[in-house]
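J.: Need coordinates for the following:
(chains A and B)
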There are 2 protein chains.
Amino acid sequence: MTAYDQLETRFGRIGSLKQVMSVLEWDHAAMMPVGGAAARADQVSTVELVVHELLTDPRLPDLFDEAAGQNELELWQRANLAEMRRIVRHAGAVTERLLDARVRQAHECEMIWRTARPANDFALVKPSLERLLGLVRETAQAKASVLGCSPYEALLDEFEPGGTVAEIDALFEALVAFLPQTITAIIERQAAAPAPLQPAGPFTIAAQRDVAIRFMQAIGFDFEHGRLDISAHPFCGGTPDDVRITTRYREDDFSRALMGVLHETGHAMYERGLPKAWQRQPVGKARGMSIHESQSLLIEMQACRSPEFLTFAAPLLRETFGGSGPAWEPENLYRLNTRVRRSLIRVDADEATYPAHVILRYRLEKAMIAGDLVLDDLPGAWRDGLRELVGIAPPDDRDGCLQDIHWYAGLWGYFPTYTMGALSAAQLFEAATRADQTILPGIASGDFSALMRWLKREVHERASATSTRQIMIDATGAPLSVDAFRRHLERRYLGVV
Amino acid sequence: MTAYDQLETRFGRIGSLKQVMSVLEWDHAAMMPVGGAAARADQVSTVELVVHELLTDPRLPDLFDEAAGQNELELWQRANLAEMRRIVRHAGAVTERLLDARVRQAHECEMIWRTARPANDFALVKPSLERLLGLVRETAQAKASVLGCSPYEALLDEFEPGGTVAEIDALFEALVAFLPQTITAIIERQAAAPAPLQPAGPFTIAAQRDVAIRFMQAIGFDFEHGRLDISAHPFCGGTPDDVRITTRYREDDFSRALMGVLHETGHAMYERGLPKAWQRQPVGKARGMSIHESQSLLIEMQACRSPEFLTFAAPLLRETFGGSGPAWEPENLYRLNTRVRRSLIRVDADEATYPAHVILRYRLEKAMIAGDLVLDDLPGAWRDGLRELVGIAPPDDRDGCLQDIHWYAGLWGYFPTYTMGALSAAQLFEAATRADQTILPGIASGDFSALMRWLKREVHERASATSTRQIMIDATGAPLSVDAFRRHLERRYLGVV
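T.: Residues are numbered from 1 along each chain as shown, chains lettered A, B, ... in the order given. Below is the predicted model:
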């Protein structure tokens, strides 16, 4: 076996073990009874330890050196090698002790947060969060010196390989330059029209599930390679050949569950579209969280909150729920699904205000990692930031700095990918519908095949063989900017043509 | 860390990885869409490989030697050490090549069997089974020389540690000495009475599930530590803190699903009753398949097909299914649930004829491993044996030598544990009800706590700290024999008091 082949074998094993963790995570969220938690934690940390040992095997550097000299390697093999090195650099940068301490502290902090949030008690979780932040900053420092970037970028790199603060700063500044006025203009315009009608419920879970499955199938989700289940926090998990998506239902409103399912279906289609031959290899993985989020937001926000999709969806919804009257007209459903409001909660935010929520978190988490913001000042900084960016302030910490699980679970450096995903979704959808004029009429008749063909070719099949930046340039002709997103908001919400 | 502590750490990891495999298996059977099969096979074989490497680590023998000299070790630690050695001997006896070849061949053979069985085509699967048998015999030889036993016993030892052919032969000869006449007597006696009445269906799956859960709770199953789901082949899987049992439902008959659930609940209670402190260690595992099967059969056959349990169950069943009339009387339900018939299919057999099915398979598989029975002669040997032991002959191979998955999945040496379990169940239940007079009245009122207390103390909590034989002696005052089983049949079916 050549050095490269040996590396492929090792990383194939790692790939399978990562799939195992993904199945365990899905089970944890969707199936596991509460009493299984402690044993599950042992199971997951054991698999993680095995992966960590494989990634820090002292024989790897020699194999990398030898493989680098193999002239016969093809493009994807070279890209695979680069991804392997990146992953190994991440793993090797932290000691087992630090990794373990961070995982344990994150677990502790998340548990306390689960009590602190409903109790509106930031002080309760602060000491644990303080320790966790310390360990995350230590991790960031260690990785930064190995990766040759800033500590924040070292964290970001786990979710968004190659992402830079300079790029995000520029994008977010460009957003801040127009978004507040745009939000105000949208809200005023919507307030001037009669409010959309709310279809009357209740809507049974069985019926919501039926219509969700119908929409998933329209998009191309293959139930021989996936499932739809229920969990408290909707997500897309599993493996490319067995994608598990979840949602949650409320009997008084079908729109949230349905839009959630469509969102996760976008993630699922990306996983399903990754190249089969490279499935267990690093180069075969999804490129990063901004591209991943672009796929879910493209389906949910760009494609499925469009007049075209709601034209297709309205009669199906009406029929499934036995509805009648003007509330079920496509035009009304479209207005319902594009309602813009200044709100406190990120996950409930519409596409216009969502970036403002993200920019707030990005600013705060960058400052925390840099040591410029201490936790004592976090609640106040949150209130001030939300007032500045969204235009309202939270009455308490529960709906303020306690609302998101991310930091309390040890995830700093993740938030900006949501908005990079939203920007990418707009830019990709604009390019797709421009390149193929049949995409929009297809969506209007429930046929997503033209859109999916384009996404598969331009995004999914490229996996991690090239950079996020290059994927955007090749697919849309330009690097990521706020322009398409701005045009999208102006078209959809302000009637600009 | 002492040598022993190092071993505990390693085997704790192995224990967690085995739990991971168990969760993956449950998922495979109960949740996984068909398209996930190939990736799942990669996942499972990767975890197996990791476990195999941990078990064949060349540093283990030194650690064992050193730990053996640690005088401070307690009884359970010494027993743990003995179990570790046994497991390592099994793992070390076969090369990775042989292990891998057997796993792959078993997978191939099982796949072909899935076609061959419904097609009644033994010839189709024979070549693959031939290769598989060859690899299993090679494995048995290799293990036999390491373990110092016969090749068949080396296979048996994986399921029934310490089990011997001499013991099984003696038990099965003792059974054959009375069972055929007893079966005839039972069938004649039942034929002389009017046939029991069949409650009229259909019985909805939701109602069957409801009442199954009610019975599980009566037995003591804790849904904070387990689930009930559906799979094609009912089983008990998961982990001691998160036991997953499955069943399958038929709308025309509730008894099969229900008795299946009660059976799996017996397995589940054993897993739940294993000592918490030793959960990930070899000594904390279930002792072996005969004790495991004794727990399921004790609950299903001894406790729940009793007049006492059916007195408790009848009104609940009547109410759940909205039934009325004599078919729902406890006496009638008892007669229905203790019907004895000569039949072709082991899994459908009643408790009186079941051992005959097992003895047939035991004889045949022992001969196959010894090389005394070639596969060309298997269908005929099956027909002859069934005629001799059960009193009927299968019309074809589908319901003959193709009926069970075991051999086609590479499992030789498993079958005798079913009947050792049935014998053990009778002996344990007799001892329990003799030791605690409140057990039977408790069952009659749906209160299993006295029975469970006895089983937990005498069986569950002992885990693998002592031998199967010693568990039986300590719990019942004598080693396993056919006597209690014989008395049980005579009492229940022939009116002997």
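J.: ok, A:Asp62 to chain B distance?
T.: Separation of A:Asp62 from chain B (CB to the nearest CB, to the nearest Å) stands at 20 Å. Heads up, the C-betas are built off the backbone N, CA and C, glycines and all.
J.: and the closest residue to that residue other than its chain neighbours, how many residues sit next to it?
T.: Spatial nearest neighbour of A:Asp62, excluding adjacent residues (CB to CB, 6 or more residues apart in numbering or on different chains): A:Ala3 at 7.8 Å. By other CB atoms under 10 Å in any protein chain shown, 18 other residues sit near A:Ala3.
J.: Check A:Val497 and give its pLDDT.
T.: If you check A:Val497, the pLDDT there is 82.
J.: if I pick the residue nearest to the spatial centre of chain A, what's in contact with it?
T.: With distances taken as CA atoms, centre = their mean, A:Glu293 lies nearest the centre of chain A, 4.2 Å away. Shown in contact with A:Glu293 (CB atoms under 8 Å, 6 or more residues apart in numbering or on different chains): A:417-418, A:420-422, A:424-425.
J.: returning to that earlier point: was I right to think the residue nearest to A:Asp62 contacts A:Glu72?
T.: No: contact criterion CB atoms under 8 Å: A:Ala3 and A:Glu72 do not qualify, at 11.8 Å.
J.: Just the buried positions in stretch A:235-248, please.
T.: For stretch A:235-248, the neighbour count (16 or more other CB atoms under 10 Å in any protein chain shown) marks A:235-247 as buried.
J.: Same check on stretch A:113-130?
T.: A:113, A:116-117, A:121-122, A:124-126, A:128-129.
J.: same thing with stretch A:243-262?
T.: A:243-247, A:249, A:254-262.
J.: which residues sit in contact with the residue nearest to A:Asp210 when sequence neighbours are not counted?
T.: Of all residues not flanking A:Asp210 in the chain, A:Thr320 sits nearest, at 6.1 Å (CB to CB, 6+ apart). Neighbour list for A:Thr320: A:207, A:210-211, A:214 [criterion: CB under 8 Å, 6+ apart].
J.: Of those, just the buried ones, PyMOL syntax please.
T.: Selection command for PyMOL covering only the buried members of those, criterion 16+ other CB under 10 Å:
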select buried, chain A and resi 207+211
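J.: Please tabulate the contacts of A:Thr320 in a markdown table, including the columns pLDDT and distance to B:Pro180.
T.: Shown next, in a markdown table, are the contacts of A:Thr320 (pLDDT from 0 to 100; distance: CB to CB, whole Å):
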| residue | pLDDT | distance to B:Pro180 |
| --- | --- | --- |
| A:Ala207 | 97 | 58 |
| A:Asp210 | 97 | 56 |
| A:Val211 | 97 | 60 |
| A:Arg214 | 98 | 59 |
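J.: Please narrow the contacts of A:Thr320 to those residing in helices.
T.: A:207, A:210-211, A:214 (DSSP state H).
J.: which phi and psi does the closest residue to chain B within the stretch 101-250 of chain A have?
T.: Proximity of the stretch 101-250 of chain A to chain B (CB to the nearest CB) peaks at A:Asp242, 3.0 Å away. As for A:Asp242, its main-chain torsions (degrees, to the nearest 10) stand at phi -160, psi 70.
J.: isn't it right up against B:Val34?
T.: No: counting by CB under 8 Å, B:Val34 is not a contact partner of A:Asp242; they are 9.3 Å apart.
J.: List the contacts of stretch A:362-374.
T.: Residues contacting stretch A:362-374 (CB under 8 Å, 6+ apart): A:133, A:136-137, A:140, A:151-152, A:155, A:165, A:168, A:172, A:375, A:378, A:381-382, A:385, A:401, A:407, A:412-413, A:415-416, A:419.
J.: Could you list which of those belong to helices?
T.: Those of the contacts of stretch A:362-374 lying in helices (DSSP H): A:133, A:136-137, A:140, A:151-152, A:155, A:165, A:168, A:172, A:378, A:381-382, A:385, A:416, A:419.
J.: wait, is A:Gln105 part of a strand?
T.: No: secondary structure of A:Gln105 (DSSP: H, G, I helix; E, B strand; the rest coil): helix, not part of a strand.
J.: For it, give me its contacts.
T.: A:128, A:131-132, A:135, A:410.
J.: From these, keep the buried residues only.
T.: A:128, A:132, A:135, A:410.
J.: what about the strands in chain A?
T.: A:226-230, A:236-239, A:242-247 (DSSP state E).
J.: Let me have those strands in JSON lines, adding mean pLDDT and distance to A:Pro394 as columns.
T.: Output for those, formatted as JSON lines (pLDDT from 0 to 100; distance: least, CB to CB, whole Å):
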{"stretch": "strand A:226-230", "mean pLDDT": "97", "distance to A:Pro394": "29"}
{"stretch": "strand A:236-239", "mean pLDDT": "97", "distance to A:Pro394": "29"}
{"stretch": "strand A:242-247", "mean pLDDT": "98", "distance to A:Pro394": "26"}
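J.: Distance to A:Leu54 added to those, as JSON lines?
T.: Below are those laid out as JSON lines (distance: least, CB to CB, whole Å):
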{"stretch": "strand A:226-230", "distance to A:Leu54": "28"}
{"stretch": "strand A:236-239", "distance to A:Leu54": "18"}
{"stretch": "strand A:242-247", "distance to A:Leu54": "23"}
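J.: Quick check: which of those is nearest to B:Leu63?
T.: Ranking these by distance to B:Leu63, with CB to CB as the measure, places strand A:236-239 first at 36.1 Å.
J.: Could you find the residue in the stretch 51-200 of chain A that comes nearest to chain B?
T.: A:Leu54 (9.0 Å).
J.: Can you tell me the closest non-neighbouring residue to that residue?
T.: The shortest distance from A:Leu54 to any residue that is not its chain neighbour, by CB to CB, 6+ apart, is 5.4 Å, and that residue is A:Ile14.
J.: so that neighbour touches A:Val51, yeah?
T.: Yes: between A:Ile14 and A:Val51 a contact is recorded at 5.7 Å, counting by CB under 8 Å.
J.: could you pull out the helices for the stretch 1-150 of chain A?
T.: For the stretch 1-150 of chain A, helices defined by DSSP state H, counting those that start in this stretch occupy the ranges A:3-30, A:37-55, A:60-68, A:75-93, A:96-116, A:122-147.
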